[in-house]
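Trainee: Provided below are the primary sequence and the corresponding predicted coordinates.
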Amino acid sequence: MKIRLNPPKHISYIRRHKNMSFSEKYRKFLEEEAKKAPIERKHLDDGRRFLISWWDKEDRVLAEKGFQDIIGSVYFGENPSKTVIMDQKVARMLRERIHWLEEENMSLHRQIGRMKIVVFGLVIVVIALIFLIFL
Amino acid sequence: MLQNKVLDLEREITARFIANREAIKVLILNQLHPRSASLIRAPRGVGKSTLMLLLLKGITGDDFVVISGASEVKRGEVVGRLHIPSLEKEGVERVLWAAFVKSRGKGIDELNRLNPYTTANIHHLMQFGEVWAYGQKSKVDDYILIANENPSDTTSFIHPPPFYDRFDICIFLRTLTLSEKFQLQEILEKYDWNLVESMPQILSFEDLQEIREEVASTEIDAEIIGYINLLVRDFQSCVRDKENSEIKPPALCEGCHFIREVCSVVKEPVSERATVALINLAKAFKWLYGKCDIDDIFQLSAWVFLHRLSLIRTRNIMVDIYDLLERERAKMENRRIRRQWTLLNEMMKGFNPSLYRLAKEAAVEDVVFAEELMKMEEKWISEGLIKRGEDIATQMGWRTYHYR
């Protein structure tokens, strides 16, 4: 027996729109946006499968002043543009780097704490020596 | 040319009213569609009433009536009163409609002090273009309505948000800078301390109606309409249905995937009237200046959203709205870079698993895009192209609710 899971009765999803109707202006808007930011389909040997790619060569943001790449602004001190794009790999790398820096920061913080105690001890020893020598 | 007359009107007003140029510009643009309603908000003594009177005089000459919330305004003075002699002699109830109803120019001074009964009558007038008194109805002809109020004035009455929603735009005026104060004093001397009296009538109401017809027939690009709809939707959408939820943001947003999005900052979303108001302004802008692009839409939208939005935390509503609009700009650019609309356009032609995978990735970052994708997913599920469980709505636990 086939059991079919349905959503609760008081809630129903928008369903079974076999002929979904969209406004003509909406279609036109999507078409115009698609023209401005096209994608490229590269068909593979069998003709059925294809690769999707796109270039940001003609993007308006590239024409803006400043670096669009996060690396440029982080490592080369360039001014970032209004929109900065970050690759997944770069994001991961930055996250690791921030994590590493935080750990480094914590260890240095601990070292400073230890050094403070040492300095404090030495100051007491010096004062004690001065006291013993001169009195 | 009618455009020149409108520009003359702007020139005459700016010659008498210092600073706030952007506000004056949008105030004039808003008069170019039928039954326009504008709200001016400013602290005391900044010139709300002066600006209102300058505009009323410039368009309607002397055919305007101003009622004041500060004085005791009764229903009879705003809507109509019973003609006693007709009732006594003939036993007939005749209504004498108030000058406010019949005049082309309608001004409301200190709107926040208006009593709820008068407000309800004006609300009805703005909603249906008619007034009722003693069981009789009177149709109200085309008009311009300009109201002003001081938001920090403590009043006896708080008007309901739907009433304010009937105002197409809300402009904020600021106090004058040091140099502007000198300019004001020079202008006051030039016009013999009577700015409003010296204001000439630039447009006749017939001119205005002709302009309104031309503006209504002005076509704006599908791209601009698309961006207007997108902008409004961004200020409305919520995967947790905040419009109908008893719990409002920020409590509603706890644990939500979109916690850092614009939607989480908006407590009460804008109404659909914001779209209508923005489209009217865009048409007027194109009619007057010959073009209207996305930057103009962003500039105009601030005045449309100001009185319609409620944010979770407001420091300075103008600054907050501009910050949100700046975030919106970046978001729209991001959508284009991710090819979201291109993907949607392709998928409207037919289902493709590779494109669908990319679209799902984009939907995780964008509520408005997710809504559109979820609608398509339902179609694909019904056609057997994908299974329930593979769709983003199920995977992310988002639902689009509607009654059976």
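Mentor: Ah, there it is.
Trainee: From now on I want contacts and neighbour counts done on CA atoms only, so please keep to that.
Mentor: OK.
Trainee: The lengthiest strand in chain A - what's its average pLDDT?
Mentor: Identified as the longest strand of chain A according to DSSP state E is strand A:80-85. For strand A:80-85, mean pLDDT is 72.
Trainee: least trustworthy helix or strand in the chain by mean pLDDT?
Mentor: As the question left the chain open, I've gone with chain A. When each helix and strand of chain A is scored by mean pLDDT, DSSP states H and E, helix A:60-63 comes last, with a mean of 48.
Trainee: um, chain B though
Mentor: Min over SSEs of chain B, mean pLDDT, DSSP H and E: helix B:75-78 (a mean of 82).
Trainee: Okay, now the sheet partners of the following helix or strand past that one, with direction.
Mentor: For helix B:75-78, the succeeding helix or strand toward the C-terminus, using DSSP states H and E, is strand B:80-82. Strand pairing for strand B:80-82, using DSSP bridges, gives strand B:95-97 (antiparallel).
Trainee: Show residues contacting the partner strand.
Mentor: For strand B:95-97, the external contacting residues (CA atoms under 8 Å, 6 or more residues apart in numbering or on different chains) are B:79-83, B:133-134, B:136, B:138.
Trainee: Could I get the buried residue list for that strand?
Mentor: Using 16 or more other CA atoms under 10 Å in any protein chain shown as the test for burial, strand B:95-97 gives B:95, B:97.
Trainee: Report the distance from stretch B:213-232 to the chain centre.
Mentor: 15 Å (CA atoms, centre = their mean, to the nearest Å).
Trainee: for it, what is the average pLDDT?
Mentor: Stretch B:213-232 comes out at a mean pLDDT of 95.
Trainee: swap in stretch A:118-126?
Mentor: Mean pLDDT, stretch A:118-126: 96.
Trainee: repeat for stretch B:49-66
Mentor: On average, stretch B:49-66 scores 95.
Trainee: then stretch B:61-73 to CSV, C-alphas only?
Mentor: Taking C-alpha atoms only, stretch B:61-73 is exported to CSV below (Å, rounded to 0.1, in the frame of the first residue of the first chain):
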residue,chain,number,x,y,z
GLY,B,61,-5.3,80.0,-6.8
ASP,B,62,-8.0,80.8,-4.2
ASP,B,63,-10.0,77.6,-4.7
PHE,B,64,-8.6,76.0,-1.6
VAL,B,65,-9.8,75.4,1.9
VAL,B,66,-7.6,74.7,4.9
ILE,B,67,-8.9,73.1,8.0
SER,B,68,-6.9,73.1,11.2
GLY,B,69,-6.6,70.3,13.7
ALA,B,70,-5.5,72.9,16.2
SER,B,71,-9.0,74.5,16.2
GLU,B,72,-12.2,72.8,17.0
VAL,B,73,-13.2,71.4,13.7
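Trainee: can you list the residues that contact that stretch?
Mentor: Residues contacting stretch B:61-73 (CA under 8 Å, 6+ apart): B:56-57, B:78, B:99-100, B:103-115, B:118, B:200-201, B:204.
Trainee: could the contacts of strand B:95-97 be laid out in JSON lines, adding neighbour count and pLDDT?
Mentor: JSON lines is the format used below for the contacts of strand B:95-97 (neighbours: other CA atoms under 10 Å in any protein chain shown; pLDDT from 0 to 100):
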{"residue": "B:Val79", "neighbour count": "24", "pLDDT": "91"}
{"residue": "B:Gly80", "neighbour count": "23", "pLDDT": "91"}
{"residue": "B:Arg81", "neighbour count": "18", "pLDDT": "90"}
{"residue": "B:Leu82", "neighbour count": "16", "pLDDT": "90"}
{"residue": "B:His83", "neighbour count": "14", "pLDDT": "91"}
{"residue": "B:Ala133", "neighbour count": "18", "pLDDT": "90"}
{"residue": "B:Tyr134", "neighbour count": "11", "pLDDT": "89"}
{"residue": "B:Gln136", "neighbour count": "11", "pLDDT": "92"}
{"residue": "B:Ser138", "neighbour count": "17", "pLDDT": "94"}
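Trainee: Thanks a lot, catch you later.
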